[in-house]
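>>> sequence and predicted structure are below.
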There are 2 protein chains.
Amino acid sequence: MPRAPPLRAAARTASPRKKTKTEAAPYHHGDLHDALLKAAETVLERDGLAGLTLRAVAREAGVSHAAPAHHFGDLSGLVSELAAIGYRRFGVAMATAGAGHAPSESGLARGHAYVDFAQAHPAMYQLMFSAERLDMSNPALREAADASFASLVQAIGQARHEVVSEAALTLDQAADIARIWSLVHGFAMLLIDGRLQGILRHLPEGTDAGMLLDAMLRHVRPGTRATT
Amino acid sequence: MPRAPPLRAAARTASPRKKTKTEAAPYHHGDLHDALLKAAETVLERDGLAGLTLRAVAREAGVSHAAPAHHFGDLSGLVSELAAIGYRRFGVAMATAGAGHAPSESGLARGHAYVDFAQAHPAMYQLMFSAERLDMSNPALREAADASFASLVQAIGQARHEVVSEAALTLDQAADIARIWSLVHGFAMLLIDGRLQGILRHLPEGTDAGMLLDAMLRHVRPGTRATT
DNA sequence: GTGAAATCTTTACAGTGTCAAAATTGTGGC
DNA sequence: GCCACAATTTTGACACTGTAAAGATTTCAC
């Protein structure tokens, strides 16, 4: 059966070697694990969340449809690891946005960076918050998501000019965290789902989502208040 | 073929008669359209969004697997009509919450009613914002969702002590709408997805989501400002 | 080398949505 | 009253999905 396997070969040479001091051809595939994750991201960006199936990823990687199961157990295992990658990437985007700005404006910059990420990678962002598909007990995902949340808490603390400990929050601190997170997450979700189209359409000519976000955030500053 | 049809009979007698004074078994079904929508809601509440399939709804209603297609075209047709029902129900919940409160507190009451609805019917709320499944060109859904949005705009206008026209928004008005909507929607989504568990766990004993929402909302009031 | 383990493929099964054809039932015309 | 027609519902089929088991293949350890 001369069933040509060009895809397979292409996928194999695409991934760079990691170790194997002898530089001999790697074992079965090279590292299907990473190749599958890359293929999954390609599928996700091309076909959206609905097109992200085990078999589609296997096709994209040029392997049999059951290959992913061996590396990830099941579909939730694969998408959870992909979401973990998304969280790590999201983390660096937020970190770079936090630096390089005056402290007074860093909160605003972070808010914009948050929504920019969601807008630039809508399918990935949806996946990162798709409780239905993700397996939150997955260690890689758990760790990446927790780190992302911790950096949010840290940023809130910075804006409040105090050290906020995740282990014991006051209601006021928690309200700040929930407020900022709900704001940017809600805005991002509504934006991705097209629910803000009606608003944006009826705004003065040339107003885009970024300007709306800016106007929305400028009246919500955390901390610096004494009592209720 | 004595293939026992108990489900069908059960489903038929389960729904109260409307007419048919003779009490004979109704004609084809009665009205499968409504029966399917009721079955869909049962399935949605019992098995969540993932369990809401055409065939599961057909089974619940006691009809063949292809029956729903005739009434709703396809899956998105069915879930869109179900979501429309959700929006209408959501609308009355918000309306009753808006009334019966002092004007100064009606905004807060509405915010709580919003999140309460999402918390009481998480699967329905998720469906109502599942862009992936819904067909926003569905007339019933479009109308119900638009009405829901219009009432939000109207409530914002009331809080701003001005008449807000959806047809031409100022950036300031739009920012108020987006802020409030993003806040409650984001909070509801994070809450449903379990993302606020970490926060709630580390709050003083006995603090629940409602208190957190209250603290979060009390520092965000729309309108009443002059310039930026 | 050779056996063992890891990797990948093949095969199979139970689901799913959707379509076409067949069967059933209610309705309107005469 | 009766009969053709239209609406409704079922049956059957197809392509797709995830997942499991069994077989084939390759690498690794010794």
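Great, that's in hand.
>>> use CA for all of it now, contacts and neighbours both
OK.
>>> burial count for residue A:117?
Neighbour count of residue A:117, defined by other C-alpha atoms under 10 Å in any protein chain shown: 17.
>>> excluding its backbone neighbours, what's nearest the residue sitting nearest the centre point of chain A?
Nearest to the mean C-alpha position of chain A, counting by C-alpha atoms, centre = their mean, stands residue A:86 at 3.4 Å. The shortest distance from residue A:86 to any non-neighbouring residue, by C-alpha to C-alpha, 6 or more residues apart in numbering or on different chains, is to residue A:124 (6.5 Å).
>>> thought the one you found was touching residue A:42?
No - shown here, residue A:124 and residue A:42 do not form a contact pair, counting by C-alpha atoms under 8 Å, at 10.7 Å.
>>> low-confidence bits of chain A, can you list those?
Low-confidence segments of chain A (pLDDT under 70): A:1-29, A:221-228.
>>> which other helices and strands contact the helix ranked longest in chain A?
Taking DSSP state H as the criterion, chain A has its longest helix at helix A:75-98. Counting contacts by 3 or more C-alpha pairs under 8 Å, 6 or more residues apart in numbering or on different chains; DSSP states H and E, helix A:75-98 packs against helix A:32-47, helix A:67-72, helix A:103-120, helix A:122-128, helix A:139-160.
>>> and residue B:184, which of those helices is closest to it?
Residue B:184 lies closest to helix A:103-120 among these, at 16.9 Å (C-alpha to C-alpha).
>>> so which bits of that closest one are buried?
Neighbour-count burial for helix A:103-120 flags A:106-119 (criterion: 16 or more other C-alpha atoms under 10 Å in any protein chain shown).
>>> repeat that for stretch A:123-133.
A:123-130, A:133.
>>> residue A:205: how many residues sit nearby?
8.
>>> and for residue A:62?
By other C-alpha under 10 Å, the residues close to residue A:62 number 21.
>>> and for the one 5 residues further on?
Number of residues near residue A:67 (other C-alpha under 10 Å) recorded here: 19.
>>> any chance you could list what contacts the longest helix of chain A?
With contact meaning C-alpha atoms under 8 Å, 6 or more residues apart in numbering or on different chains, helix A:75-98 is reached by A:37, A:40-41, A:53-54, A:68-69, A:72, A:106-107, A:109-110, A:113-114, A:117, A:124-125, A:127-128, A:133-136, A:138, A:140-145, A:147-148, A:151.
>>> kindly report the same for stretch A:36-53.
Residues outside stretch A:36-53 that contact it (C-alpha under 8 Å, 6+ apart): A:56-58, A:60-61, A:68, A:75, A:78-79, A:81-82, A:121, A:123-124, A:126-127, B:132.
>>> sorry, back to before: now the helices and strands packed on helix A:75-98 as a markdown table including distance to DNA strand C?
Compiled in a markdown table, the helices and strands packed on helix A:75-98 are given as follows (distance: least, C-alpha to the nearest atom of the strand, whole Å):
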| stretch | distance to DNA strand C |
| --- | --- |
| helix A:32-47 | 5 |
| helix A:67-72 | 4 |
| helix A:103-120 | 27 |
| helix A:122-128 | 20 |
| helix A:139-160 | 18 |
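>>> out of these, nearest to residue B:168?
Distance to residue B:168, taken as C-alpha to C-alpha, is lowest for helix A:103-120 among those, at 24.7 Å.
>>> could I get the CA-only coordinates of the closest one as CSV?
The C-alpha trace of helix A:103-120 is given here as CSV (Å, rounded to 0.1, in the frame of the first residue of the first chain):
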residue,chain,number,x,y,z
PRO,A,103,2.7,53.6,38.0
SER,A,104,-0.3,55.8,37.7
GLU,A,105,-1.1,54.5,34.2
SER,A,106,0.1,50.9,34.5
GLY,A,107,-3.3,49.7,35.6
LEU,A,108,-4.9,51.1,32.5
ALA,A,109,-2.1,49.7,30.4
ARG,A,110,-2.7,46.3,31.9
GLY,A,111,-6.4,46.5,31.2
HIS,A,112,-5.8,47.3,27.6
ALA,A,113,-3.3,44.5,27.3
TYR,A,114,-5.8,42.1,28.8
VAL,A,115,-8.5,42.9,26.2
ASP,A,116,-5.9,43.2,23.4
PHE,A,117,-4.9,39.6,24.1
ALA,A,118,-8.4,38.4,24.0
GLN,A,119,-9.1,40.3,20.8
ALA,A,120,-5.9,39.1,19.1
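>>> and that helix, how far from the chain's centre?
Remark: helix A:103-120 is offset 14 Å from the chain centroid, using C-alpha atoms, centre = their mean, to the nearest Å.
>>> that one near chain B anywhere?
No - on the criterion C-alpha under 8 Å from any C-alpha of the partner chain, helix A:103-120 is out of touch with chain B, staying 12.0 Å away.
>>> and that helix with helix A:75-98, angle?
150 degrees (axes from the mean of the first three to the mean of the last three C-alpha atoms, to 10 degrees).
>>> and the contacts of helix A:103-120?
A:90, A:93-94, A:97-99, A:101, A:124-125, A:155, A:159, A:184-185, A:187-188, A:191-192, A:210, A:213-214, A:217-218.
>>> just the buried residues of those residues.
Listed as buried from the contacts of helix A:103-120 are A:90, A:93-94, A:97-98, A:124-125, A:155, A:159, A:184-185, A:187-188, A:191-192, A:213, A:217; burial here means 16+ other C-alpha under 10 Å.
>>> helix, strand, or coil at the residue of chain A at minimum distance from chain B?
Across chain A, the shortest distance to chain B (C-alpha to the nearest C-alpha) belongs to residue A:186, at 3.6 Å. Using DSSP: H, G, I helix; E, B strand; the rest coil, the structure places residue A:186 in helix.
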